[in-house]
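Visitor: fold the stuff below for me.
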Amino acid sequence: MTIERHIEAFLESMAAERGAARNTIMAYQADLADFAAFCAARGGGPARADAAMVNAYLAGLAAQGLAARTQARRLSAIRQFQRFLLRDGQRGDDPTALSSAPRLPATLPRFLSEAEVDALLAATTVLPPAQAGVARAGLEMLYASGMRISELLALPASALSADAVLLLIKGKGGRERIVPLSPAARAAAAALRAGHRKGTRFLFPGRTTGTAMTRQGFALLLKRVALHAGIDPARLSPHVLRHSFASHLLARGADLRSLQKLLGHADISTTQIYTHVLAERLQRLVEAHHPLARPAGSSDRS
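Guide: Model (predicted):
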């Protein structure tokens, strides 16, 4: 498929300067290709589109009945593309400056209870030994650190030394961060590595020599563990474990800034999806300690 040259330059910059993942680049390419086709049908090009062209495109998306989230994603892609052209001196204005995305419905992150996480860990013992080791190490490490599944599966077999309590993670955009690991996570990782064949490259190896386990393979293993734990498999994914890590930390007193660093979020606004947990914690704090929150007749004020 031929890519419009300005779009191609933008995608190359995303890969080179921001370290964008292949799936991210493919998504931007698809969204911008759709916008380019819209412009071409009206005798223009995406790099010369004005505000009227952008707004007409957005209106067309709404008329097609596309989800608000899809419309917002398309606008974000166009906006970043146009700002790239502006920074590069290829145009003198940003035609998306006054364009607004549709309001997105508020969605709360899905997470498990602490008891459900315990049940998952216990259920790993029911699996065949080889699968049990992988499932236990994966669950322990994801829940102890809040890692993304891509970060976990990319870990080399040498990532953990016998006495390591911290793990260096390379996350989105090539950004590095340090995450702590619990004793249980370190022990599970050490047990997994002890069973590796000599020369194994990844901590979570795939079926083919020299490759890492696939995300799909790990997700399928999690579903099996969920069934044994009596949890609906549809409720469990690696990202749900990441949400559980974050939600449980906040519920036990962690602050958003610390959580931002642990999760590897570039912007605190991303971490703020967990503020519902903080709100619940503050409400319990007021109910437990504020004198006006006590039942009538139980005040001990003098």
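Visitor: so how far is the helix or strand encompassing Ala56 from its chain's centroid?
Guide: Using DSSP states H and E, the element containing Ala56 is helix 51-63. Remark: helix 51-63 is offset 29 Å from the chain centroid, using C-alpha atoms, centre = their mean, to the nearest Å.
Visitor: please state the offset of the helix or strand that that helix is followed by from the chain centre?
Guide: Downstream of helix 51-63, the first helix or strand assigned by DSSP H and E is helix 68-87. Relative to its chain's centre, helix 68-87 lies at 20 Å (C-alpha atoms, centre = their mean).
Visitor: repeat for stretch 203-217
Guide: For stretch 203-217, the distance to the chain centre is 20 Å (C-alpha atoms, centre = their mean).
Visitor: what average pLDDT does it get?
Guide: The pLDDT scores in stretch 203-217 average 93.
Visitor: could you pull up the residues touching Ala212?
Guide: Leu153, Ala154, Arg201, Phe202, Phe204, Pro205, Gly206 (C-beta atoms under 8 Å, 6 or more residues apart in numbering). Bear in mind the C-beta positions are built from the backbone N, C-alpha and C, glycine included.
Visitor: low-scoring stretches of the protein, by residue?
Guide: Applying pLDDT under 70 to the chain flags the ranges 1, 104-108, 161-163, 276-282, 284-285, 289, 292-302.
Visitor: now do the strands in it.
Guide: 166-170, 176-180 (DSSP state E).
Visitor: surely Tyr143 meets Ser244?
Guide: Yes: here Tyr143 reaches Ser244: they are 6.4 Å apart, a contact under C-beta atoms under 8 Å.
Visitor: give the residues shared as contacts by these two.
Guide: By C-beta under 8 Å, 6+ apart, the residues touching both Tyr143 and Ser244 are Val117.
Visitor: angles on the backbone of Glu4, please.
Guide: Dihedral pair for Glu4: phi -50, psi 140, per degrees, to the nearest 10.
Visitor: returning to that earlier point: quick one, the helix holding Ala56 and helix 68-87 angle?
Guide: Relative orientation of helix 51-63 versus helix 68-87 (axes from the mean of the first three to the mean of the last three C-alpha atoms, to 10 degrees): 160 degrees.
Visitor: which outside residues touch helix 51-63?
Guide: Outside helix 51-63, the residues that touch it by C-beta under 8 Å, 6+ apart are 35, 38-39, 42, 44, 49, 70-71, 74-75, 78, 95-99, 102.
Visitor: also stretch 236-254?
Guide: So stretch 236-254 is in contact with 109-112, 114, 117, 120, 138-139, 142-149, 152, 215, 218-219, 222-223, 225-226, 256, 259, 262-263, 271, 274, 277-278, 280-281, going by C-beta under 8 Å, 6+ apart.
Visitor: hang on, the earlier thing: and the contacts of helix 51-63, which of them are buried?
Guide: Phe35, Phe38, Cys39, Ala49, Gln71, Arg74, Leu75, Ile78, Pro95, Thr96, Ser99, Pro102 (16 or more other C-beta atoms under 10 Å).
Visitor: the last one touches Thr70, doesn't it?
Guide: The one in question is Pro102. No: using C-beta under 8 Å, Pro102 is not in contact with Thr70; the gap is 9.6 Å.
Visitor: cheers, nothing more for now.
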